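Chemist: Return a 3D structure for these sequence lines:
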Amino acid sequence: MDGLSQRVERFLEQRNLVTDVLGALEAKTGLEKRYLAAGAVTLLSLYLLFGYGASLLCNLIGFVYPAYASIKAIESPSKDDDTVWLTYWVVYALFGLAEFFSDLLLSWFPFYYVGKCAFLLFCMAPRPWNGALMLYQRVVRPLFLRHHGAVDRIVNNLSGRALDTAAGITRNVKPSQTLQPKDK
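Modeler: From the prediction side, this is the model:
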């Protein structure tokens, strides 16, 4: 537990959006940042457990900060942060796809949204604990390397068929069938 409190203290000393907001609240209220952060985490956890709209809150947590950090990464000269957030979005998309097919079942489980938020926070954690990088390296990348040739062939085949179909449709349209302006 001592290691966790030290990591939290180090995080609260960094300069980022969360600590800026906590610093402003600390200046207005006189409460220390760590107590404000603990209160916010407690309120969010309770809301995720018992509140209406926990799904929306969980999706906002998984989307808003990563989108903000991704924009900052794009604008920075370093490419390392781009890779970190691109990896997050790949894992987030795969998780969203899996959740689409299992959400009706999983949403009935108690504490589902707490678990989902914990997973998303794990995926956006700083480097040594970054779940998205771990999942990408251990699951996504091996599957991609094993199957990307077949997927590429299927996508090329489907895109070729779509282009052929679109070309066939446009060839079969007579000039009188196109949209003409109405005469007044």
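Chemist: mind giving me the domain split of this protein?
Modeler: Following the TED database, one gets these domains for the chain: 12-50, 54-108, 112-167.
Chemist: With mean neighbour count and distance to residue 6 added, can I get these in a markdown table?
Modeler: C-beta here means a position set from N, CA and C on the backbone, and glycine is covered the same way. A markdown table is the format used below for the domains of the chain (neighbours: other CB atoms under 10 Å; distance: least, CB to CB, whole Å):
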| stretch | mean neighbour count | distance to residue 6 |
| --- | --- | --- |
| domain 12-50 | 13 | 11 |
| domain 54-108 | 14 | 22 |
| domain 112-167 | 13 | 13 |
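Chemist: rank these by mean pLDDT and give me the bottom one.
Modeler: For the domains of the chain, mean pLDDT drops lowest on domain 12-50, to a mean of 85.
Chemist: Give me the distance between the two termini of it.
Modeler: Terminal residues of domain 12-50 lie 28 Å apart, using CA to CA, to the nearest Å.
Chemist: can you start the count at 788 instead of 1 from here on
Modeler: New numbering, starting at 788: the last item is domain 799-837.
Chemist: Would you pull up how far that domain lies from the middle of the chain?
Modeler: Relative to its chain's centre, domain 799-837 lies at 22 Å (CA atoms, centre = their mean, to the nearest Å).
Chemist: Please name the nearest non-neighbouring residue to residue 816.
Modeler: residue 823 (7.4 Å; CB to CB, 6 or more residues apart in numbering).
Chemist: helices and strands around the host helix or strand of residue 792, which ones?
Modeler: Residue 792 belongs to helix 789-800 when elements are defined using DSSP states H and E. Other elements packing on helix 789-800 under the criterion 3 or more CB pairs under 8 Å, 6 or more residues apart in numbering; DSSP states H and E are helix 804-816, helix 820-837.
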